[in-house]
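[1] turn this into a structure:
(chains A, B and C)
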Amino acid sequence: MIEWSKTTIKEFQTSLLGWYDENHRDLPWRHDQDPYHIWVSEIMLQQTQVNTVIPYYERFMRLFPSVEKLAQAPEEQLLKAWEGLGYYSRVRNMQRAAQQLLQDYDGKWPQTKTGLQELVGIGPYTAGAIASIAFNQPEPAVDGNAFRVFSQLLEIEADITKPQTRGIFETVIRKIISKDRPGDFNQAIMDLGASFMTAKNSDNAHSPVRQFNQAYLDGRLDEFPVRSKRLKPVDKHYFALVIKTPQGYLFQQRASNELLAKLWTFPLIDGDKLKEEYPDLNEDTLSKTIESKFAAETEIKTDLQLVDAPVVKHTFTHQKWHVTLMSTELQDQPDLSHFAGQIANVEQFTTLAWPTLQKKLWSAYQKRQIKLF
DNA sequence: CACGCGTGGAC
DNA sequence: TGTCCAAGCGT
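    Alright, predicted model coming up:
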């Protein structure tokens, strides 16, 4: 059993930081200690892989190079910059925090972990990351990597999906973290978690800290971290209405309290709710039912046809959507005064933030089979 | 506390 | 195909 004495801790820090000095990744947000750069990168990296983030980060910094620019940006431009990254509340919260910083903090960053957590969107992990990397505070930054690395090093059996467990890891890391180089220490743990100590296909035999890894020495790597299984996504069914008018396609902005808030999609009809209201719905009555439902909301008359294309499937964290396309082409421009949406021509598509679901819908619609008579 | 919230990569 | 994972947070 490894004894984590002061000497062991020192040796661990030396091995870890020595390896990091020689092998750390050159990432765009590692070029300085600017808290704005660290912050943006940490928000983007939440539940998102490094390779995905890099181009988004570069573009975001060109568009919004400072807290001030971020605070002043139009929301649609922010969402467009975030398009495809997912968890879109991250960027809306980031703008709120930027405004908070300017108005309530006179533009000066709080430099402690607890102070940073006052900003919306900054939780215990991100606060620890900014405090340690930008402000050299000896604070733990417990993300998925830290959970995996330290659960294996110390054979910690607590379920990492339970909120209580974070405190156990923070206590352990506070004892082990380098007081001289806390930011590098935390980043070294992340690089370790992305190289030798990955979740799958790890290579602990060549890890710079293998002699400190109890689970490796015991042949018990596969037992850590302990994590309860997540629930399966629930199936949901929708109809997407592709309505082409002389001026362009109809789009709707998702409400701020629902999935994909404030992003743009074709108008969507809840198929499960429809089935509840009309239990005896069949293929013949489907079109008319949806038409009347859409007309009741928007006063727009349509003549919808099922599109000859596969049902679009899209899985979110907790929901699996099955979306059936229906389309119509209106000869006259409809009165849109009761339609809570927008018309967009193909050229205007680039200005609206599309979730991946909408990209799939558009693609399926473009590839639809043209029926020949 | 448990749950909602996106997406893409790896296998 | 499905499943799990990736620098989590707000409610």
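[2] C-alpha coordinates for stretch A:250-266, PDB please?
    What follows is stretch A:250-266, C-alpha atoms only, in PDB (Å, rounded to 0.1, in the frame of the first residue of the first chain):
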ATOM      1  CA  LEU A 250     -40.400  29.200 -42.400                       C
ATOM      2  CA  PHE A 251     -38.300  28.900 -39.200                       C
ATOM      3  CA  GLN A 252     -39.200  29.000 -35.500                       C
ATOM      4  CA  GLN A 253     -37.000  30.000 -32.700                       C
ATOM      5  CA  ARG A 254     -37.100  27.500 -29.800                       C
ATOM      6  CA  ALA A 255     -38.500  28.900 -26.600                       C
ATOM      7  CA  SER A 256     -36.000  29.900 -23.900                       C
ATOM      8  CA  ASN A 257     -37.400  27.200 -21.400                       C
ATOM      9  CA  GLU A 258     -37.100  24.200 -23.700                       C
ATOM     10  CA  LEU A 259     -34.400  22.000 -25.200                       C
ATOM     11  CA  LEU A 260     -32.300  23.900 -27.800                       C
ATOM     12  CA  ALA A 261     -33.500  27.200 -26.400                       C
ATOM     13  CA  LYS A 262     -33.300  30.200 -28.800                       C
ATOM     14  CA  LEU A 263     -31.900  28.100 -31.700                       C
ATOM     15  CA  TRP A 264     -33.800  27.900 -35.000                       C
ATOM     16  CA  THR A 265     -35.500  24.900 -36.500                       C
ATOM     17  CA  PHE A 266     -38.300  24.200 -38.900                       C
END
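[3] what residues does that stretch touch?
    Outside stretch A:250-266, the residues that touch it by Cβ atoms under 8 Å, 6 or more residues apart in numbering are A:75, A:79, A:83, A:88-89, A:92, A:240-243, A:249, A:267-268, A:300, A:316, A:319, A:339-344, A:352-355, A:357-358, A:361. The C-beta positions use only the backbone N, C-alpha and C, and glycine is treated the same way.
[4] ok, and of those residues, which contact DNA strand B?
    Here is what survives when those are matched to DNA strand B using Cβ under 7 Å from any atom of the strand: A:88-89, A:316, A:319, A:355, A:357.
[5] what about those residues, which are in strands?
    Secondary structure defined by DSSP state E assigns A:Gln319 of those to strands.
[6] coming back round to it: sort out for me which of the contacts of stretch A:250-266 are in strands.
    In this view, these that belong to strands under DSSP E are A:240-243, A:249, A:268, A:319, A:341-344.
[7] please give the element, helix or strand, for A:Val53.
    Using DSSP states H and E, A:Val53 sits in helix A:50-63.
[8] which strands or helices does that helix pack on?
    Helix A:50-63 sits against helix A:35-45, helix A:75-82, with contacts defined as 3 or more Cβ pairs under 8 Å, 6 or more residues apart in numbering; DSSP states H and E.
[9] of all the ones you listed, which lies closest to A:Glu155?
    For the helices and strands packed on helix A:50-63, the distance to A:Glu155 is smallest for helix A:35-45, at 27.2 Å, taking Cβ to Cβ.
[10] that closest one - what's its average pLDDT?
    If you average the pLDDT over helix A:35-45, you get 98.
[11] Three-state assignment for the nearest residue to A:Phe135 once chain neighbours are set aside, please.
    Leaving aside its sequence neighbours, A:Phe135 sits nearest to A:Gln111 (Cβ to Cβ, 6 or more residues apart in numbering; 4.4 Å). Of the three states, A:Gln111 takes coil according to DSSP: H, G, I helix; E, B strand; the rest coil.
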